[in-house]
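Novice: Provide a 3D model corresponding to the input given below.
(one chain, ligands or ions: 2)
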Amino acid sequence: MRGNGWAMSNAPVPLSPSAPLRLFNSLTRQLEPFQPVHEGEARVYSCGPTVYNYPHIGNMRAYVFADILGRTLSFKGYKLTHVINITDVGHLTDDADAGEDKMEKMAQAEARSIWDIAQHYTQAYWEDIKALNIRQPARWTIATEFVPQMIAFAERIADTHCYELDSGLYFDVSTVADYGRLARAQTEDGEGRIEAVEGKRNAADFAIWRKTPAGEKRQMEWDSPWGKGAPGWHLECSVMSGEVLGFPFDIHTGGIDHREIHHPNEIAQNQAFCCAGGLDLPANSGARVWMHNNFLVERSGKMSKSSGEFLRLQLLIDKGFHPLGYRMMCLQAHYRSELEFSWDGLTAALTRLKRMLIAVGQSKERAGEGEAQPGLRFTPFLERFDAAVSDDLNTPVALTVFEEVLALKKVDPAEKLAALAAMDAVLGLGLLTLERAALRLRPKGVEIEDAEIEATLEARKAARAEKDFARSDALRDELATKGVDVMDGDPLGWEWKLG
Ligand code: AMP
Ligand code: ZN
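Specialist: Ligands and ions are numbered 1, 2, ... in the order given. Next comes the predicted model:
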């Protein structure tokens, strides 16, 4: 069995991931040992996309991070229930509760129904999820499917924590203890960044139900005790997380921007809903641990969908970069560090992935040849890998342990592959199944077929054998005009690349 003999092997994975799992809790700004609410389980909610546009690769970093968290929890033996929501209503153009509904605005701009828009961009997001090897969560919750529950949640807290204005039902942040502690902000800090609404009691108060203005009709609106309207974005996440996972659940994730407004507002609602106690009671903030990934940035600053080159995953693919090269790029940085995107950085990440694949391929061949050389045990390496991911998901270190194992010589290849497979179950790079050839993507606009490239290269080889260097150079130039770079002596064994 050449090639995949390892798959037939019964080599046990010599591993019991027993390193203590410590995660950085944004609520306390500290590393904390993970203590599940329910013995042996991990319940995780990740704020998902607002499906009014394609996600950019910065958004996708948030889901690669959540995926690594989920995979680590599974690796550590917890029964994982992961929920990601799809926001198809209620997220305004300004996170601080001002502006227009992003979905309504896009629907008008594209002259399509909101439902069409939502369906199209949800599908596009799911394609990116798949391309990045992000595991499916146990459930995708769709905001518009939870509106009755949102109304019920709002009704329960309305009398004690809310007040009504012409524009909607507002949450009074002074009615809960420690409002904004997650953001480490004083309530007054909100003044400048939150649009003034006449009648608001505190600058940071936010609408949990937005009434449709008199005389207007929105594409998405529902009847409620406060009139026709739509739920606020913060309410949606409180309701979907609490409904599906039950308060308190274990971990709530999102990008670092959510630490400032969206999550403090969710926490305030959860406190109001759970009981009147202070924030120190873990049960009252909804989730015990709040985790945030830092941003992917461009050299010029914040990544945006509207300025410069819109960095969608599809753009990377169109330029010939395999999406898992981007996953590798994310894993090379710690999730709490800012990561600067550059094409050179992406190229380097992809090269690292190629090198790994070549080495895995060689191990598979050895395993297929039945070359068994027992001796070295893998346990110390797996323990170090376990320690790395258990240390607040330290994927940069975990990757180096993976490479150390790859480089081991004179070991039982089947055991080696079993160890690599155990580690890749966390890294999610698909290293044991991905074909090296699959990494070569065809950039958009390159017409030449692989067969023509191979034939020209054969002709070039023949010319060189005959020492006809003029013809060899001419063939090389001919390929170059068609977008093919010939890579003589490439250490990674790629004879050519498109680009
Ligand atoms: P949105 O669709 O805007 O709600 O964003 C989806 C997720 O991406 C949220 O968790 C954001 O916090 C996160 N996010 C937004 N921009 C970036 C970025 N540049 N880098 C990493 N995460 C981001
Ligand atoms: Zn959310």
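
Novice: The nearest residue to Gln30 once chain neighbours are set aside: neighbouring residues, count only.
Specialist: Spatial nearest neighbour of Gln30, excluding adjacent residues (CB to CB, 6 or more residues apart in numbering): Phe24 at 7.1 Å. Just so you know, the C-beta spots here come from the backbone N, C-alpha and C atoms, and that holds for glycine as well. Other residues near Phe24 number 18, with proximity taken as other CB atoms under 10 Å.

Novice: surely Phe24 meets Asn293?
Specialist: No - Phe24 lies out of contact with Asn293 (CB atoms under 8 Å); the separation is 10.7 Å.

Novice: Identify the contacts common to the two.
Specialist: Residues touching both Phe24 and Asn293 (CB atoms under 8 Å, 6 or more residues apart in numbering) are Arg336.

Novice: if we can go back for a sec, kindly confirm my reading that the residue nearest to Gln30 is in a strand.
Specialist: Yes - membership of Phe24 in a strand is supported by DSSP: H, G, I helix; E, B strand; the rest coil.

Novice: So in terms of bridging, what pairs with it?
Specialist: Leu31 (DSSP bridges).

Novice: Could I get the contacting residues of it?
Specialist: Phe24 touches 30-32, 291, 336, 392, counting by CB under 8 Å, 6+ apart.

Novice: Closest residue of the stretch 351-499 of the chain to ligand 2?
Specialist: For the stretch 351-499 of the chain and ligand 2, the shortest gap (CB to the ion) falls at Leu393, measuring 20.4 Å.

Novice: Figure out the helix or strand that that residue lives in.
Specialist: Using DSSP states H and E, Leu393 maps to neither a helix nor a strand.

Novice: For it, give me the pLDDT.
Specialist: On the pLDDT scale, Leu393 is placed at 98.

Novice: That one - nearest residue in space that isn't next to it in sequence?
Specialist: Of all residues not flanking Leu393 in the chain, Ile68 sits nearest, at 5.5 Å (CB to CB, 6+ apart).

Novice: so that neighbour sits right up against Leu331, yeah?
Specialist: Yes - using CB under 8 Å, Ile68 is in contact with Leu331, at 7.3 Å.

Novice: Between the two, which is the more surrounded one?
Specialist: The neighbour comparison of Ile68 against Leu331 (other CB under 10 Å) goes to Leu331, with 26 against 23.

Novice: for the more buried one, what are its contacts?
Specialist: 64, 68, 395-396, 398-399, 427, 429 are the contacts of Leu331 under CB under 8 Å, 6+ apart.

Novice: quick one: it from Lys482, how far?
Specialist: 34 Å (CB to CB, to the nearest Å).

Novice: tell me the phi and psi of whichever residue of the chain sits closest to ligand 1?
Specialist: Nearest to ligand 1 in the chain, going by CB to the nearest ligand atom, is Gly255, at a distance of 2.0 Å. Gly255 adopts backbone torsions of phi -70, psi 160, taken as degrees, to the nearest 10.

Novice: Ok, Met291 next?
Specialist: Dihedral angles (degrees, to the nearest 10) for Met291: phi -120, psi 140.

Novice: Likewise for the one 10 residues further on?
Specialist: Summarising the backbone geometry of Gly301 under the convention degrees, to the nearest 10, its torsions are phi 130, psi -140.

Novice: Now for it, how many residues are close by?
Specialist: Applying other CB under 10 Å, we find 10 residues neighbouring Gly301.

Novice: any idea how far ligand 2 is from the residue nearest to Gln30?
Specialist: Going from Phe24 to ligand 2 by CB to the ion, to the nearest Å gives 19 Å.

Novice: about what we covered before: name the element the residue nearest to Leu393 belongs to?
Specialist: Taking DSSP H and E as the definition, one finds Ile68 inside helix 57-75.

Novice: next structured bit after that helix?
Specialist: Heading C-terminal from helix 57-75 (DSSP H and E), you reach strand 79-86.
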